[in-house]
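>>> What follows is a predicted structure for the sequence shown.
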Number of protein chains: 2
Amino acid sequence: MTYCLAISVDDGLVFASDSRTNAGVDYVATYSKMSRFVFDDNRVLTLLTSGSLATSQAVVNGIKRDLDDPEAKFDISQGKYLHEVAEYIGRLSQHEQRTHGKAFENSNGSNESSFILGGQIKGQPCEIYLIYPQGNFISASAETPYLQIGESKYGKPILDRIISADISLSDAARCAVISLDSTMRSNVSVGTPIELSLHRRDVFQSPEHLVLSANSEDYLSIQAQWNNGIKSAFNQLPKLDWDKYNR
Amino acid sequence: MTYCLAISVDDGLVFASDSRTNAGVDYVATYSKMSRFVFDDNRVLTLLTSGSLATSQAVVNGIKRDLDDPEAKFDISQGKYLHEVAEYIGRLSQHEQRTHGKAFENSNGSNESSFILGGQIKGQPCEIYLIYPQGNFISASAETPYLQIGESKYGKPILDRIISADISLSDAARCAVISLDSTMRSNVSVGTPIELSLHRRDVFQSPEHLVLSANSEDYLSIQAQWNNGIKSAFNQLPKLDWDKYNR
């Protein structure tokens, strides 16, 4: 499995992804699920992938192929709006899935993939989109300023408590780390390294990027302090008065 | 949906359940998912239910019918071991599912139910069992001292951080409340009131029982303090040094 998320706040965007891939329990590997595309002074895009690794890689390869091909009908450097790029990625994904669709009809596997596309095109706001395996997509909103793909449930409660549009980019990034850490503790199919990317609003250069391995000092220190913080918050909770309720 | 859990610690058992039932979004209702059976000075049992409400209710009705019927082959007051009671409940559940099985083959719905059975039979240890829709079951272990049914993922990270066999029953109960609260914040299909039951080891009388409604003072106070505790733990986290990583 996978767990990736993107958070949209007033100051820009944060992207975060785990790096574990597994095809059965005996083939577990580490792959980056984050691709970054920078077109200086024009647009900065990040793509997160979840689901079939073959489909995800084929989509990223398709993006690069079309960028190289002067005769391609569309590529991600084109389009005035980010939703045009989202639509194009949905098409690439559907095309790849159809190519092997017949073979998958007779197998238990699935070649579906989901994507989060986010970034900013000059003159447009920062945006994030979740692209479904069927190729259609949704954007985040002011009320729901984050999107998740993959094993999303374990890491959702902390987002619901902390994330709002007015928190800083650096707080959003730390919250993404906690959301991933909670997921990794509870589900072995999600694993380090954690990759983070940070788009500052209206900056059209390479986004800040950070990789936290399992034993990086920064990650260990966040992990330990969060664990202690949770335990001390827990210990300070009011006790339930069982005597009051007993009947 | 539903979220129920049972926690086994050295001092006894804690059971917790939400109370929301829905058949589609336009039929949402409140039902207790916790049944308690006390046989003074012999055994104390609690049953939690998840899945089809019809199957769950039929199983509870079957338990009561067999208790009333002197000719029943087995009832929950019998059996030297708790796993015999678990097996019996699995049989009731399978029987009920088979009765309507043909009808469900042609519908999109499911009449499957899962159960958590826990308690103590005199002379035996406190135990908890998860009974699958297929009627088979597993028990908790020293390494995994809790069991969950229903929407279990949102509330798992806090259990993984806090629960171990040596915490007090009252701490286990507060942790169950937090696990349910986190789930309810992130998933509307799980809702108040929260029902809690507390079996003290070797006490064969009615277990302590507590119902927390959405606006009960105790619940609101735990909720508010937990939310503040999480936020303050978050604010104390070390900052990521982006400059160190930028490249």
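Structure's in. What do you need?
>>> what sits against A:Ala142?
A:Ala142 makes contacts with A:Ala165, as judged by Cβ atoms under 8 Å, 6 or more residues apart in numbering or on different chains. Using the backbone N, CA and C atoms, a C-beta is placed for each residue, glycine as well.
>>> so how far is A:Ser164 from it?
9 Å (Cβ to Cβ, to the nearest Å).
>>> who touches A:Ile131 in this structure?
Residues near A:Ile131 by Cβ under 8 Å, 6+ apart: A:86, A:89-90, A:93, A:114-117, A:137.
>>> hang on, I meant A:Asn42
Counting by Cβ under 8 Å, 6+ apart, A:Asn42 makes contact with A:77, A:121-122, A:204.
>>> I'd like those residues written out as a markdown table, with neighbour count and pLDDT added.
Output for the contacts of A:Asn42, formatted as a markdown table (neighbours: other Cβ atoms under 10 Å in any protein chain shown; pLDDT from 0 to 100):
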| residue | neighbour count | pLDDT |
| --- | --- | --- |
| A:Ser77 | 14 | 97 |
| A:Ile121 | 21 | 98 |
| A:Lys122 | 12 | 97 |
| A:Phe204 | 18 | 97 |
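>>> For the residue nearest to A:Asp69 when sequence neighbours are not counted, give me phi and psi.
Among residues not flanking A:Asp69 along the chain, A:Asp75 sits closest, at 7.7 Å (Cβ to Cβ, 6 or more residues apart in numbering or on different chains). As for A:Asp75, its main-chain torsions (degrees, to the nearest 10) stand at phi -150, psi 170.
>>> sorry, back to before: among the contacts of A:Ile131, name the ones in strands.
A:114-117, A:137 (DSSP state E).
>>> Give me the buried entries from the contacts of A:Ile131.
By neighbour count, with 16 or more other Cβ atoms under 10 Å in any protein chain shown, the contacts of A:Ile131 hold A:86, A:89-90, A:93, A:114-117, A:137 as buried.
>>> pretty sure A:Ser232 is touching B:Ala233, no?
Yes. Look at A:Ser232 against B:Ala233 with Cβ atoms under 8 Å: they come within range, at 7.2 Å.
>>> Helix, strand, or coil at A:Leu5?
Here A:Leu5 takes the strand state, with states given by DSSP: H, G, I helix; E, B strand; the rest coil.
>>> Columns distance to chain B and secondary structure on top of the contacts of A:Asn42, output as a markdown table?
As requested, these are exported to a markdown table (distance: Cβ to the nearest Cβ, whole Å; DSSP: H, G, I helix; E, B strand; the rest coil):
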| residue | distance to chain B | secondary structure |
| --- | --- | --- |
| A:Ser77 | 23 | coil |
| A:Ile121 | 23 | strand |
| A:Lys122 | 22 | coil |
| A:Phe204 | 16 | coil |
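>>> what does the worst-scoring helix or strand of chain A on mean pLDDT contact?
Across the helices and strands of chain A, mean pLDDT, DSSP states H and E gives its lowest value to helix A:242-245, namely a mean of 71. Identification of contacts with helix A:242-245 by Cβ under 8 Å, 6+ apart yields B:170, B:198, B:208-211.
>>> at 6 Å instead, please
B:208, B:210 (Cβ atoms under 6 Å, 6 or more residues apart in numbering or on different chains).
>>> before we move on, back to that, will you turn the buried ones among the contacts of A:Ile131 into a markdown table that also has distance to chain B?
Shown next, in a markdown table, are the buried ones among the contacts of A:Ile131 (distance: Cβ to the nearest Cβ, whole Å):
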| residue | distance to chain B |
| --- | --- |
| A:Ala86 | 25 |
| A:Ile89 | 26 |
| A:Gly90 | 27 |
| A:Ser93 | 26 |
| A:Ser114 | 17 |
| A:Phe115 | 22 |
| A:Ile116 | 19 |
| A:Leu117 | 23 |
| A:Phe137 | 22 |
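>>> Show the end-to-end separation of stretch A:65-76, please.
When the termini of stretch A:65-76 are compared using Cα to Cα, to the nearest Å, they are 11 Å apart.
>>> Off-centre distance for that stretch?
Averaging C-alpha positions (Cα atoms, centre = their mean, to the nearest Å) puts stretch A:65-76 25 Å from its chain's average.
>>> now stretch A:21-35
Stretch A:21-35 sits 15 Å away from the centroid of its parent chain (Cα atoms, centre = their mean).
>>> For that stretch, measure first residue to last.
Termini of stretch A:21-35 sit 16 Å apart (Cα to Cα).
>>> what mean pLDDT does it have?
The pLDDT scores in stretch A:21-35 average 85.
>>> which parts of it are buried?
For stretch A:21-35, the neighbour count (16+ other Cβ under 10 Å) marks A:21-22, A:33-35 as buried.
>>> Please apply the same query to stretch A:131-139.
Within stretch A:131-139, the residues that qualify as buried are A:131, A:133, A:135, A:137, A:139, counting by 16+ other Cβ under 10 Å.
>>> is it possible to export those residues to CSV including pLDDT?
Converted to CSV, the buried residues of stretch A:131-139 look like this (pLDDT from 0 to 100):
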residue, pLDDT
A:Ile131, 98
A:Pro133, 97
A:Gly135, 97
A:Phe137, 98
A:Ser139, 97
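>>> Between all of these, which two are at the greatest distance?
The span of the buried residues of stretch A:131-139, defined through Cβ to Cβ, is set by A:Pro133 and A:Ser139 at 17.3 Å.
>>> Low-confidence bits of chain A, can you list those?
A:245-247 (pLDDT under 70).
>>> quick one, strands of it?
Going by DSSP E, chain A shows strands at A:3-9, A:12-17, A:20-22, A:28-30, A:34-39, A:43-51, A:113-121, A:127-131, A:137-139, A:146-150, A:194-200, A:208-212.
>>> which strands and helices sit next to the fifth one?
So the one you mean is strand A:34-39. When contacts are defined as 3 or more Cβ pairs under 6 Å, 6 or more residues apart in numbering or on different chains; DSSP states H and E, strand A:34-39 packs onto strand A:43-51.
>>> Repeat the analysis, applying 10 Å as the threshold.
In this structure, strand A:34-39 makes packing contacts with strand A:12-17, strand A:43-51, helix A:53-68, strand A:113-121, strand A:194-200, strand A:208-212, judged by 3 or more Cβ pairs under 10 Å, 6 or more residues apart in numbering or on different chains; DSSP states H and E.
>>> TSV please, covering the ones you listed and showing distance to A:Asn106.
Shown next, in TSV, are the helices and strands packed on strand A:34-39 (distance: least, Cβ to Cβ, whole Å):
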stretch	distance to A:Asn106
strand A:12-17	32
strand A:43-51	19
helix A:53-68	17
strand A:113-121	20
strand A:194-200	35
strand A:208-212	39
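>>> on that earlier part again, between the buried ones among the contacts of A:Ile131, which is nearest A:Leu48?
Lowest distance from A:Leu48 to the buried ones among the contacts of A:Ile131 (Cβ to Cβ) belongs to A:Ile116, with 4.2 Å.
>>> Look up which residues are beta-bridged to the residue nearest to that closest one when sequence neighbours are not counted.
Taking Cβ to Cβ, 6+ apart, and ignoring the residues beside it in sequence, A:Ile116 has A:Leu48 as its nearest neighbour in space, at 4.2 Å. Counting by DSSP bridges, A:Leu48 is bridged to A:Met34, A:Ile116.
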